[in-house]
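[1] quick one: sequence plus predicted model below, questions after.
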Amino acid sequence: MASLISYPDAVESVIKLRVDAEDAEETRENFRLERIEEKLRESDIYTFFYREKRSGDSAAVQKRMKEDIYYLDEYKDVLVFLLTDVTEIFEQESETRERMASALAAANQASAAKSSFLSRVSHEIRTPLNAILGMDAIAARNIDHPEKVADCVSKIGISARYLLSLINDILDMSRIESGKMLLKNEKFLFRDFIANINTMIYNQTRAKGLDYECTVSADVAEAYIGDAMKLQQALINILGNAVKFTKTGRITLSVHPVYNKGSISMTRFVVNDTGIGIREEDLENIFAPFEQVDNSTTTVFGGTGLGLAITKNLVTLMGGTIKVRSITGVGSEFTIEVPLTVDESAPICPSYNLCLEKMKALIVDDDLIVCEQANKILEEIGMVSEWVTSGYEAVRRVQAKSSVSVYYDYILIDWKMPDMDGLETTRQIRKNVGPDVTIIIITAYDWESIEMEAKAAGANLLISKPLLKTTLISAFQKARGQEEAEKENNQVFDFTGKRALVAEDNSINAEIAKTLLEDKNFVVETAADGLRAMEMYTQKPAWYYDVILMDIRMPLMDGLQAASNIRHWNKEDAKTIPIVAMTANAFDEDVDKSAAVGMNAHLSKPIDPDIMYGTLYRILYEQGNNSVI
């Protein structure tokens, strides 16, 4: 007859065979009869857990076992031991705890980031506000010293523009997070798109003594369909950061198509700088909102820290991608790829009467990429093109050609070159070839500052980089006197004989608008709300006012309702009188609302005088008083 095994021996056997060594002592205690009796006095079921010994396969999941102990019946003289495998439950609970811990950590990180962001933004906003208020006080005390007042006004303008950029960043991020950022689908000329970017960045780089180069592939289309403003904003954010974090060296922007699929062109924009670079551990967070590599208010680099987050969201919204590579102390490279629709209806190049086939051109630029791309463009329009990478080499090439009576028709010379710059190269070549060869100075900088010196050196014309097909053809047209490439940039506006009604409830804004308009000889009347503006319009004869500038948010009657009422009034000019929104409501949907009630244009505050004058000139003189209904 088999002998019965004692309870302690049975427990030891179970522990030896099944229980993980680390849990053995605790499990032995949990199986002790005195402890079981104590626990069952407190509760009907006594439960504990232990880990099972691993099998030979150490990679196998270690099982979790649950032991439930309870009395068989009310007599409490028989114990029941119920063993259950709860491994899966433990794993699920563990995963849930990990997810909750991760979510909590992320929430804490986001909360800390937002707190840091608010602190940083408070500091950033108060800084220009302090400058504006301080300079205002200084100007008021020096009202009899025009030079001091002018200096204060200039600094107030700089601070106000910086404050506006901070506000725009915050509003853009808010719209992105709320899903209200919408894309436009409009035609735009690439040369104008890239010129607007370069104009802003040239000024920033020149102020810091940095070199800036923009190169555009000859394969880029003349016009696209898309949201030019948002793409421009994304690129300016990247380029602006490059300027901010680069002390010496250069910044470059290169553009070229990656591939074409039907009318869609995947276009790559690459920004390189020689700045401070980004640490590898910071790269994964640079596109996160409310984050900065340096979050302290003592950082030498200001800003909200939203620029890259906005850029990432804008690029994603356009169906594109953004990548970054960086080496600390060497520099960074940002690559944006976005799909753009090629505007097939746009002319391949401007109409021209020049016979360029077989004409000879020499390109002089120390940047090999610029030379190759310009050479490709010139060959595409039928010219015979050569290039050299220095002024000395250009002079030697021209001398060698002229010695055998061979002359170039056009010579394009970069202004900024080492050893011999573009102006000296022009002087040397002009001495050799006389007046018959057309010499064009090309520059990435503000050519107006060197125009007189360049003309004195013998240049016929100055043009700005990047060299696009339309830019070069227009330059050839202008050089030959057959057609002006562009209208004068500094147009003189004169609205003598025109009368404007300004509807504005803020007295200071009304005074600003009135002064700006009167400076260009408008006769101006003002109304303090939309209802008064409508009354003034309806009480005057038709054609009394030439234009109405309408704020949107006003008491009694807002600008949208006032404009709608005017458009539906029974008066001869009600359908055609130009109405221009002049408002702080600057989002896309605000522009759409203005157009929906019959407004001809939308000016966003703060008002840029040149934009306002140009808009009014187009409406009053170029477009005529045509109905927008």
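    Happy to help now that I have it.

[2] for Val271, which three-state class applies?
    In three-state terms, and counting by DSSP: H, G, I helix; E, B strand; the rest coil, Val271 is strand.

[3] residues contacting the nearest residue to Thr443 once chain neighbours are set aside?
    In this structure, Thr443 finds its nearest non-sequential neighbour in Trp415, 4.1 Å apart by CB to CB, 6 or more residues apart in numbering. Placement of C-beta: from N, CA and C, glycine included. Residues in contact with Trp415 (CB atoms under 8 Å, 6 or more residues apart in numbering) are 421-423, 441-443, 445, 447, 450, 454.

[4] among the residues you listed, which ones are in strands?
    441-443 (DSSP state E).

[5] and the helices in the stretch 1-150 of the chain?
    Taking DSSP state H, counting those that start in this stretch as the test, the helices found in the stretch 1-150 of the chain are 7-18, 24-31, 33-42, 87-141, 146-177.

[6] need the contact partners of the shortest one.
    The list of residues contacting helix 24-31 from outside it, by CB under 8 Å, 6+ apart, reads 11-12, 14-15, 19, 35, 48, 50, 67.

[7] export those residues as JSON lines, with columns for pLDDT, distance to Ile463 and neighbour count.
    Formatted as JSON lines, these follow (pLDDT from 0 to 100; distance: CB to CB, whole Å; neighbours: other CB atoms under 10 Å):
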{"residue": "Val11", "pLDDT": "86", "distance to Ile463": "94", "neighbour count": "17"}
{"residue": "Glu12", "pLDDT": "87", "distance to Ile463": "95", "neighbour count": "15"}
{"residue": "Val14", "pLDDT": "85", "distance to Ile463": "91", "neighbour count": "17"}
{"residue": "Ile15", "pLDDT": "87", "distance to Ile463": "89", "neighbour count": "19"}
{"residue": "Val19", "pLDDT": "88", "distance to Ile463": "85", "neighbour count": "21"}
{"residue": "Arg35", "pLDDT": "91", "distance to Ile463": "93", "neighbour count": "13"}
{"residue": "Phe48", "pLDDT": "90", "distance to Ile463": "85", "neighbour count": "18"}
{"residue": "Tyr50", "pLDDT": "87", "distance to Ile463": "83", "neighbour count": "22"}
{"residue": "Glu67", "pLDDT": "87", "distance to Ile463": "87", "neighbour count": "17"}
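
[8] what's the farthest-apart pair in those?
    The span of the contacts of helix 24-31, defined through CB to CB, is set by Glu12 and Phe48 at 16.8 Å.

[9] any idea which residue sits dead centre in this structure?
    Ranked by distance to the mean C-alpha position of the chain (CA atoms, centre = their mean), the top residue is Ala234 at 2.2 Å.

[10] one step back: quick check: phi and psi on the residue nearest to Thr443?
    phi -70, psi -50 (degrees, to the nearest 10).

[11] same check, this time on Val330
    Dihedral angles (degrees, to the nearest 10) for Val330: phi -110, psi -50.

[12] which non-adjacent residue is nearest it?
    Using CB to CB, 6+ apart and skipping the chain neighbours, the partner closest in space to Val330 is Gly277 (5.5 Å).

[13] what's the neighbour count on the one you found?
    18 (other CB atoms under 10 Å).

[14] do the same with Asp343
    By other CB under 10 Å, the residues close to Asp343 number 19.

[15] wait, what's in contact with it?
    Residues in contact with Asp343 (CB under 8 Å, 6+ apart) are 187, 221-225.

[16] switch to 7 Å and redo it
    187, 223-225 (CB atoms under 7 Å, 6 or more residues apart in numbering).

[17] ok, the closest residue to it other than its chain neighbours - contacts?
    Nearest non-adjacent residue to Asp343, counting by CB to CB, 6+ apart: Ala223, 3.9 Å away. Each residue near Ala223 by CB under 7 Å, 6+ apart is listed here: 187-190, 343, 346.

[18] farthest-apart pair in these, please.
    Lys187 and Phe190 (10.7 Å).

[19] ranges for the helices of the stretch 151-300 of the chain?
    When secondary structure is read from DSSP H, counting those that start in this stretch, the stretch 151-300 of the chain shows helices at 190-208, 228-244, 280-283.

[20] distance to Ile5 added to those helices, as TSV?
    Listed next are the helices of the stretch 151-300 of the chain as TSV, based on distance: least, CB to CB, whole Å:
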stretch	distance to Ile5
helix 190-208	87
helix 228-244	77
helix 280-283	60
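
[21] what's the closest of those helices to Asn509?
    Evaluated over the helices of the stretch 151-300 of the chain, closeness to Asn509 peaks at helix 228-244, with 24.4 Å, by CB to CB.

[22] quick one: distance of that closest one to the chain centre.
    In terms of CA atoms, centre = their mean, to the nearest Å, the centre of helix 228-244 is set 4 Å apart from its chain centre.

[23] low pLDDT regions in the stretch 451-600 of the chain?
    Along the stretch 451-600 of the chain, the model assigns pLDDT under 70 to residues 480-491, 585-588.

[24] so where do the helices sit in it?
    451-457, 469-479, 507-519, 530-539, 559-567, 588-596.

[25] deepest-packed of the ones you listed, please.
    Of all the helices of the stretch 451-600 of the chain, helix 559-567 has the most neighbours on average by mean count of other CB atoms under 10 Å, namely a mean of 22.

[26] alpha carbons of that helix, as CSV, please.
    The C-alpha trace of helix 559-567 is given here as CSV (Å, rounded to 0.1, in the frame of the first residue of the first chain):
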residue,chain,number,x,y,z
GLY,A,559,-18.7,94.6,-43.0
LEU,A,560,-20.0,91.5,-44.6
GLN,A,561,-23.7,92.4,-44.0
ALA,A,562,-23.0,96.1,-45.1
ALA,A,563,-21.3,95.0,-48.3
SER,A,564,-24.2,92.6,-49.1
ASN,A,565,-26.8,95.3,-48.5
ILE,A,566,-24.9,97.7,-50.7
ARG,A,567,-24.7,95.1,-53.5
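
[27] can you give me the angle it makes with helix 530-539?
    Orientation note: helix 559-567 sits at an angle of 20 degrees relative to helix 530-539 (axes from the mean of the first three to the mean of the last three CA atoms, to 10 degrees).

[28] what sits against the residue nearest to Asp365 when sequence neighbours are not counted?
    For Asp365, ignoring the flanking residues on the chain, the nearest one in space by CB to CB, 6+ apart is Asp414 at 4.0 Å. For Asp414, the contact set (CB under 7 Å, 6+ apart) comprises 364-366, 422, 442.

[29] returning to what we had before: confidence score at the residue nearest to Thr443?
    Trp415 is assigned a predicted lDDT (pLDDT) of 88.

[30] please apply the same query to Ile336.
    We have a pLDDT of 94 for Ile336.

[31] try the one 4 residues further on
    If you check Leu340, the pLDDT there is 93.

[32] can you dump the C-alpha coordinates of the helix or strand harbouring it into CSV?
    Using DSSP states H and E, Leu340 maps to strand 331-342. Output of strand 331-342 as CSV, limited to C-alpha atoms (Å, rounded to 0.1, in the frame of the first residue of the first chain):
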residue,chain,number,x,y,z
GLY,A,331,25.4,72.2,-41.0
SER,A,332,22.0,70.9,-42.0
GLU,A,333,20.1,69.8,-45.1
PHE,A,334,16.3,69.9,-45.3
THR,A,335,14.7,68.2,-48.3
ILE,A,336,11.0,68.9,-49.1
GLU,A,337,9.3,67.0,-51.9
VAL,A,338,5.8,68.0,-52.9
PRO,A,339,3.6,67.0,-55.9
LEU,A,340,2.7,70.0,-58.1
THR,A,341,0.3,70.0,-61.0
VAL,A,342,2.0,71.5,-64.1
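
[33] tell me the strands beside that strand, with direction?
    Using DSSP bridges, the strands paired with strand 331-342 are strand 223-226 (antiparallel), strand 264-273 (antiparallel), strand 321-327 (antiparallel).
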